[in-house]
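Participant: The following comprises the amino acid sequence and a computationally predicted model.
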Amino acid sequence: MPVPDIARKYYIEDNPFLFDLFCTVKDVDDSGGFSQRRPQLDSLYDVFVNVRDDEKEHWKTLCNLVQYDDMQGIDNKKVVGTKARPTLESSA
């Protein structure tokens, strides 16, 4: 199926600076710099893959904010989900 116009606008036509800006926990490329992701966009499937990848970026940012109070607290490969606190037994 074809790529919807709104997805093409968001991923290709809109300002790429803003697209890179929200990817706060970026992968480091071979030269030690941060990668700039430019998504493949050839089909509706690619749109869903890009939405999934965007949500992963939001998750990594949230983990860093919660755990380190910093959007770029640690290296991308070391980001882990938060763990639930143990429940306290009631003294009833």
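Facilitator: That came through fine.
Participant: and the end-to-end length of stretch 2-9?
Facilitator: End-to-end distance of stretch 2-9: 14 Å, with C-alpha to C-alpha, to the nearest Å as the criterion.
Participant: Kindly apply the preceding question to stretch 1-15 instead.
Facilitator: Length of stretch 1-15, first residue to last, C-alpha to C-alpha: 25 Å.
Participant: Show me the contact partners of it.
Facilitator: 19, 39, 41-47, 50 (C-beta atoms under 8 Å, 6 or more residues apart in numbering). The C-beta positions use only the backbone N, C-alpha and C, and glycine is treated the same way.
Participant: Turn those into TSV, including distance to Asn64, secondary structure and neighbour count.
Facilitator: Shown next, in TSV, are the contacts of stretch 1-15 (distance: C-beta to C-beta, whole Å; DSSP: H, G, I helix; E, B strand; the rest coil; neighbours: other C-beta atoms under 10 Å):
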residue	distance to Asn64	secondary structure	neighbour count
Phe19	19	helix	17
Pro39	22	coil	16
Leu41	27	coil	16
Asp42	32	coil	9
Ser43	32	coil	12
Leu44	31	helix	13
Tyr45	29	helix	11
Asp46	27	helix	15
Val47	26	helix	21
Asn50	21	helix	18
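Participant: could you dump the residues you listed to TSV with distance to Glu13 and pLDDT?
Facilitator: Below are the contacts of stretch 1-15 laid out as TSV (distance: C-beta to C-beta, whole Å; pLDDT from 0 to 100):
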residue	distance to Glu13	pLDDT
Phe19	11	60
Pro39	13	74
Leu41	11	90
Asp42	16	93
Ser43	18	95
Leu44	17	95
Tyr45	20	95
Asp46	15	93
Val47	14	93
Asn50	14	87
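Participant: Out of those, flag the one nearest to Asp70.
Facilitator: Closest approach to Asp70 among the contacts of stretch 1-15 (C-beta to C-beta): Phe19, at 21.2 Å.
Participant: average model confidence for the strand or helix carrying Ala7?
Facilitator: Ala7 is located in helix 5-8, with elements delineated by DSSP states H and E. Across helix 5-8, the average pLDDT comes to 93.
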